[in-house]
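In: Provided below are the primary sequence and the corresponding predicted coordinates.
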Amino acid sequence: MATQPFLRSSARYLGLYALAELAALTLLIWAIGLGWTLVVLTASFAAGVLLAATQLKRQFTALREARTDPQTAVADGMLVGLGTFLVLLPGVVTTAAGALILAPPTRGAMRPLGTIMLTRGVVRRIGSLNVDLNIDPDPESGARVGRGDYIDGEVIGEVVDRLPVRH
């Protein structure tokens, strides 16, 4: 079954996420106490949501005004989406990671990595498609020549020289 590896992989990531967040929360409570930990959690979440909102607005404005090239716009859009998702996940670690991704200076540094990840994902999905390009070798030269799209059939009917005009 194809979903079994996906479920096992998802369960591992979910377990790793829970373990990292629990460890960070435990260390934060041990270091500064429960009250201040709640203040840090609330403040970091609020700051992350505010940063996500401003960056999403800036991204939509840049796309509307076409101030960026398409590759940069797609990579930035992917990083802003990922950062927003991480900020909205509960926990200190994911909120901090999302805020780092959303911050313009670090997002600029992460853009090449985002482009590589996006390209690999697209190539992986396109590589699994079976595309028939209707390409046959030319009998004389051996070059590959495209036939184009066609429907094999027979035309039955009469030729119309002029189409009727409706008034």
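Out: Alright, I've got the coordinates. Because the structure is a prediction, the values reported are computed rather than measured. Numbering: from 1, shown residues only.
In: only C-alpha atoms from now on, for both contacts and neighbour counts.
Out: Noted.
In: same for the longest helix anywhere in the chain, what does it pack against?
Out: Scanning the chain for the longest helix, with DSSP state H as the assignment, gives helix 34-65. Judged by 3 or more C-alpha pairs under 8 Å, 6 or more residues apart in numbering; DSSP states H and E, the packing partners of helix 34-65 are helix 3-32, helix 70-88, helix 92-102.
In: list the buried residues in that helix.
Out: Neighbour-count burial for helix 34-65, with 16 or more other C-alpha atoms under 10 Å as criterion, is recorded at 37, 41, 44-45, 47-49, 51-52, 55-56, 59, 63.
In: and the residue most central in space within the chain, what does it touch?
Out: Nearest to the mean C-alpha position of the chain, counting by C-alpha atoms, centre = their mean, stands residue 78 at 4.7 Å. Contacts for residue 78 (C-alpha atoms under 8 Å, 6 or more residues apart in numbering) come out as residue 114.
In: how much space between it and residue 61?
Out: 15 Å (C-alpha to C-alpha, to the nearest Å).
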